[in-house]
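Participant: prediction below, plus the sequence it came from.
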Amino acid sequence: GAVVSQHPSRVICKSGTSVKIECRSLDFQATTMFWYRQFPKKSLMLMATSNEGSKATYEQGVEKDKFLINHASLTLSTLTVTSAHPEDSSFYICSATSGVAKNIQYFGAGTRLSVL
Amino acid sequence: DAKTTQPTSMDCAEGRAANLPCNHSTISGNEYVYWYRQIHSQGPQYIIHGLKNNETNEMASLIITEDRKSSTLILPHATLRDTAVYYCIVRVVVTSGSRLTFGEGTQLTVNP
């Protein structure tokens, strides 16, 4: 299947700092990317849908100024957690859908964020 | 998207077939059934999907009942590496922006 690369795989930061997570589609052009968050022993929760060249669509309850999403090219979307706090510690996962194989979402390996 | 119901957990012996059920009694005619799995601390992995016909690929088989109100994912020869949470999701595919809504899934444990 298609490959989605997510970087970094793990990040530890101090409270108040900002953290950027990258999501790349390596062998296809991703017209749409999704960002999920997963707390321990819980299921994935969709945070936002990112469309190349336009503003992201955020799910209810997700602060767009807190979680900045940029989808500047057909192979890259970034999620920036601004002014991170301990409650933002979570597993963040991106996925991508190509314009061709739109039936299937491919997921990155996830980023474990720990805010001290 | 229609809601799905899956057992919380299942066990399977290594080398045996693992049959994971999913109920989706409110599924609409244009909704597909998708299966993903998530191995601990990794991103979900696509397994298979179907609309109404049974499907098979190198990973698994998907059996959908005639009324489409339930389905079964079959791993024909489970290995220890198949231990994961398996998610059954129903989803309308209209554009590439079609979302996936994850439920709690089934924790499959394959035992030696």
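Facilitator: The structure has been received and is ready for your questions.
Participant: what number of residues lie near residue 37?
Facilitator: Because you didn't say which chain, this covers chain A. 21 (other Cβ atoms under 10 Å in any protein chain shown). From N, CA and C alone the C-beta is placed, and that goes for glycine too.
Participant: wrong chain, I was asking about chain B
Facilitator: B:Arg37: 23 neighbours (other Cβ under 10 Å).
Participant: residues in chain B within reach of chain A, list them.
Facilitator: B:32, B:36, B:38, B:41-46, B:49, B:87, B:93, B:95-105 (Cβ under 8 Å from any Cβ of the partner chain).
Participant: quick check on those: which are buried?
Facilitator: B:32, B:36, B:38, B:42-44, B:46, B:49, B:87, B:93, B:96, B:98-103, B:105 (16 or more other Cβ atoms under 10 Å in any protein chain shown).
Participant: give me the pLDDT value at B:Ala84.
Facilitator: Turning to B:Ala84, the model gives it a pLDDT of 98.
Participant: list the contacts of it.
Facilitator: B:Arg37, B:Gln38, B:Ile39, B:His40, B:Gln107, B:Leu108 (Cβ atoms under 8 Å, 6 or more residues apart in numbering or on different chains).
Participant: for it, list each beta-bridge partner.
Facilitator: B:Leu108 (DSSP bridges).
Participant: for the closest residue in space to B:Ile74 that isn't next to it in sequence, give me its contacts.
Facilitator: Nearest residue to B:Ile74, sequence neighbours excluded (Cβ to Cβ, 6 or more residues apart in numbering or on different chains): B:Ser61, at 4.4 Å. Residues counted as contacts of B:Ser61 (Cβ under 8 Å, 6+ apart) are B:Ile48, B:Asn54, B:Glu55, B:Leu73, B:Ile74, B:Pro76.
Participant: from those residues, which ones fall inside strands?
Facilitator: B:Ile48, B:Glu55, B:Leu73, B:Ile74 (DSSP state E).
Participant: need those residues in CSV (columns: neighbour count, pLDDT and distance to A:Phe67).
Facilitator: Converted to CSV, those look like this (neighbours: other Cβ atoms under 10 Å in any protein chain shown; pLDDT from 0 to 100; distance: Cβ to Cβ, whole Å):
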residue, neighbour count, pLDDT, distance to A:Phe67
B:Ile48, 19, 95, 31
B:Glu55, 17, 96, 36
B:Leu73, 25, 98, 33
B:Ile74, 16, 98, 38
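Participant: list the contacts for the closest residue to B:Ala13 other than its chain neighbours?
Facilitator: Using Cβ to Cβ, 6+ apart and skipping residues adjacent in sequence, the residue nearest B:Ala13 is B:Asn111, 5.8 Å away. Contact partners of B:Asn111, counting by Cβ under 8 Å, 6+ apart, are B:Asp11, B:Cys12, B:Ala13, B:Glu14.
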